[in-house]
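Trainee: just a sequence and a predicted model for now, questions to come.
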Amino acid sequence: MSEPPAASGRTYFISDLHLTDERPDINGRFFHFIDEIASGADALYILGDLFDYWVGDDNPASSVARETALRLKTLSKAGTAVYFMHGNRDFLLAGKYATRSGMNLLPDPSLISLYDVPTLLMHGDTLCTDDLAYQAWRTRVRGPWVQALLVALPLALRLRLAGLARVGSEAAKQNKPAEIMDVNLEEVARVLQIHGYPRLIHGHTHRPARHVHQVNGHDCERWVLPDWYQAGGYIVCNRQACSLVML
């Protein structure tokens, strides 16, 4: 269990920004968040889907990726620890880009001590166990040999496949009941139990809220991060509590 350095007494969590050159307004809102809100914080945790898609660290074409790296590196150099956990859209992001950005890569899940409170961090997609088709796809593409094969493909082909995957993902969502794209509460309880009944912070579902789960006599907070498709938001925690802030 790791703990971020205590300095300002506040730590930020974001996820599901889906940054892309096609959405400059959201990119600008994110850069404002980095420069004006997260500046001076103890730590910033990015819990997946920072980008709308990521085809490999060798893609030089994305201007938002270049600018994001510069902003995050500046934040890191100023003393805010920056952590990144892979999401379902950017699981190919690797060490080269993380180093450029001053980010530390985190496994999913990760248990940290956040101002002396055990806190479990997840992207959140593995909690959606009712979505059997998605879980089968995730198991396939997250295998190390599949990822190695993907990044070995020509860049132009990877970009084309990413575009097709985005279209396919949106089409699949239209045909799925909304409830199977949310977390399975039994899976949430199982995960909380095996990690010692911590606080849980995750993204992926795009349903920002604070929940309290009673698991074996323990009251466990579950905080869900907002997506940034329309406006965005974040969770900020200090030694007293956490808060959900919508932009």
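Mentor: Sure, I can see it. Residues are numbered from 1 along each chain as shown.

Trainee: let's see the lowest-mean-pLDDT helix or strand in the chain as CSV, backbone CA atoms only.
Mentor: The weakest-scoring helix or strand in the chain, judged by mean pLDDT, DSSP states H and E, is helix 155-174 (a mean of 80). Extracted as CSV, the C-alpha positions of helix 155-174 are listed here (Å, rounded to 0.1, in the frame of the first residue of the first chain):
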residue,chain,number,x,y,z
LEU,A,155,0.5,2.7,-37.4
ALA,A,156,-2.0,3.5,-40.2
LEU,A,157,-3.7,0.1,-39.7
ARG,A,158,-3.9,0.7,-35.9
LEU,A,159,-5.5,4.0,-36.4
ARG,A,160,-8.0,2.5,-38.8
LEU,A,161,-8.8,-0.3,-36.4
ALA,A,162,-9.2,2.2,-33.5
GLY,A,163,-11.8,4.1,-35.6
LEU,A,164,-13.7,0.9,-36.4
ALA,A,165,-13.6,-0.1,-32.7
ARG,A,166,-15.0,3.3,-31.6
VAL,A,167,-17.9,3.0,-34.1
GLY,A,168,-18.6,-0.6,-33.0
SER,A,169,-18.5,0.3,-29.3
GLU,A,170,-21.1,3.1,-29.8
ALA,A,171,-23.3,0.8,-31.8
ALA,A,172,-23.1,-2.0,-29.2
LYS,A,173,-24.1,0.4,-26.4
GLN,A,174,-27.3,1.2,-28.3
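
Trainee: buried residues in it, which are they?
Mentor: Within helix 155-174, the residues that count as buried by 16 or more other C-beta atoms under 10 Å are 158-159, 162. (C-beta placed from N, C-alpha, C; glycine too.)

Trainee: past it, which element shows up next along the chain?
Mentor: As assigned by DSSP states H and E, the chain's next helix or strand after helix 155-174 is helix 185-194.

Trainee: tell me how far P177 lies from A189.
Mentor: 22 Å (C-beta to C-beta, to the nearest Å).

Trainee: for the two, indicate the residue with more neighbours.
Mentor: More neighbours surround A189 than the other of P177 and A189, with 17 against 9 (other C-beta atoms under 10 Å).

Trainee: quick one, what contacts the more buried one?
Mentor: Listed by C-beta atoms under 8 Å, 6 or more residues apart in numbering, the contact partners of A189 are 213, 215.

Trainee: same thing with the one 10 residues further on?
Mentor: Neighbouring residues of R199 by C-beta under 8 Å, 6+ apart: 114, 117-120, 220-223, 242.

Trainee: and for this protein, the residue most distant from the center?
Mentor: G217 (29.3 Å; C-alpha atoms, centre = their mean).

Trainee: which elements pack onto the least confident helix or strand of the chain?
Mentor: Contacts defined by 3 or more C-beta pairs under 8 Å, 6 or more residues apart in numbering; DSSP states H and E place helix 155-174 against no helix or strand at all.

Trainee: how far does it sit from its chain's centre?
Mentor: Here helix 155-174 is found 19 Å from its chain centre; the criterion is C-alpha atoms, centre = their mean, to the nearest Å.

Trainee: all strands of the protein, in order?
Mentor: Applying DSSP state E to the chain gives strands spanning 11-14, 43-46, 81-85, 103-106, 110-114, 117-122, 199-202, 209-215, 218-224, 233-237, 242-246.

Trainee: the last one vs strand 117-122, what angle?
Mentor: Think strand 242-246. Strand 242-246 runs at 40 degrees relative to strand 117-122, counting by axes from the mean of the first three to the mean of the last three C-alpha atoms, to 10 degrees.

Trainee: buried stuff in strand 242-246?
Mentor: Going by neighbour count (16+ other C-beta under 10 Å), the buried part of strand 242-246 is 242, 244.

Trainee: so what strands line up beside it?
Mentor: strand 233-237 (antiparallel) (DSSP bridges).
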